[in-house]
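A.B. asks: what follows is a predicted structure for the sequence shown.
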Amino acid sequence: MITDCEVIVVRTGTANLASVLAGLRRVGAAPRLSDNAAEIEQAARVVLPGVGAFGAAMERLQETGLEQVLRERIAAQRPTLAICLGMQLLCEGSEETPGVAGLGAVAGEVTRISGAVRVPQLGWNRVEADESCRLLNSGYAYFANSFKLDAVPIGWRAAYTDHGGRFVAAMERGPVLACQFHPELSGRWGLELCRRWFQARVRVEGVAC
């Protein structure tokens, strides 16, 4: 049974889920793990987390039949939060695993961080949000990434950061929010972002948790 507070967290097989589940509970959500395509298709809210390799995560999504389900959720602008590798999976592909197609839900290829900087980027970095953003605002977030999306796709609002060059720290389109950083590990600022995403449907549809 799906409740108004429930959030389905996709079991990608490549994520450390404990911090994601704990963060969602702290903002009033009732998270539940699933890799069932029918459940994720019907869910009011879905989180796509990820830590690990692009190719392995895509293979898992294909094995569980979630590739098309997630692509359709993003196209329909249904409440979805993608975190770290989860954001990269929305793209068309990644330099990390050449020849492996991503979900293709957003235009763009993921590239490796370059320049005279530490790779992977591990730690806090400044996020600067465009004034047009509704969910995102500026602050400091915790990153753990070697790859990034350089340009925001058409139709999305974005926040940026800089590590070896400017890239997309997060992007939003309606109730779809994709973060290269880990909001669940980004202190009060990150939890407030999770809260705004979680409560967006509450405000729009008048449901109560």
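C.D. replies: All right, it came through fine.
A.B. asks: per-residue confidence at the residue nearest the centre of the chain?
C.D. replies: The C-alpha lying nearest the average C-alpha coordinate of the chain belongs to residue 82 (CA atoms, centre = their mean; 1.6 Å). Note for residue 82: predicted pLDDT of 98.
A.B. asks: what sits against the nearest residue to residue 36 once chain neighbours are set aside?
C.D. replies: Of all residues not flanking residue 36 in the chain, residue 64 sits nearest, at 7.9 Å (CB to CB, 6 or more residues apart in numbering). The way it works is simple: take the backbone N, C-alpha and C, and place the C-beta from them, glycine included. Residue 64 makes contact with 35, 36, 37, according to CB atoms under 8 Å, 6 or more residues apart in numbering.
A.B. asks: which helix or strand in this protein has the lowest average pLDDT?
C.D. replies: The weakest-scoring helix or strand in the chain, judged by mean pLDDT, DSSP states H and E, is helix 187-205 (a mean of 83).
A.B. asks: show residues contacting it.
C.D. replies: Here helix 187-205 makes contact (CB under 8 Å, 6+ apart) with 4, 7, 23-24, 26-29, 44-45, 79, 81, 135-137, 139-142, 175, 177, 179, 181-184, 186, 207-209.
A.B. asks: apply 7 Å and report the result again.
C.D. replies: By CB atoms under 7 Å, 6 or more residues apart in numbering, the residues outside helix 187-205 that reach it are 23-24, 26-29, 44-45, 79, 81, 135-136, 139-141, 175, 177, 183-184, 207-209.
A.B. asks: may I have that helix as PDB, with CA atoms only?
C.D. replies: What follows is helix 187-205 as a C-alpha-only set of coordinates in PDB (Å, rounded to 0.1, in the frame of the first residue of the first chain):
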ATOM      1  CA  GLY A 187      24.100  19.300   6.700                       C
ATOM      2  CA  ARG A 188      21.100  21.400   7.300                       C
ATOM      3  CA  TRP A 189      21.300  23.100   3.900                       C
ATOM      4  CA  GLY A 190      21.100  19.700   2.200                       C
ATOM      5  CA  LEU A 191      18.300  18.400   4.300                       C
ATOM      6  CA  GLU A 192      16.300  21.600   3.700                       C
ATOM      7  CA  LEU A 193      16.700  20.900   0.000                       C
ATOM      8  CA  CYS A 194      15.400  17.400   0.500                       C
ATOM      9  CA  ARG A 195      12.500  18.800   2.500                       C
ATOM     10  CA  ARG A 196      11.500  21.300  -0.300                       C
ATOM     11  CA  TRP A 197      11.600  18.500  -2.800                       C
ATOM     12  CA  PHE A 198       9.600  16.100  -0.600                       C
ATOM     13  CA  GLN A 199       7.000  18.800   0.300                       C
ATOM     14  CA  ALA A 200       6.500  20.100  -3.200                       C
ATOM     15  CA  ARG A 201       3.800  17.600  -3.900                       C
ATOM     16  CA  VAL A 202       2.200  18.200  -0.600                       C
ATOM     17  CA  ARG A 203       1.800  21.900  -1.500                       C
ATOM     18  CA  VAL A 204       0.600  21.300  -5.000                       C
ATOM     19  CA  GLU A 205      -1.900  18.500  -4.400                       C
END
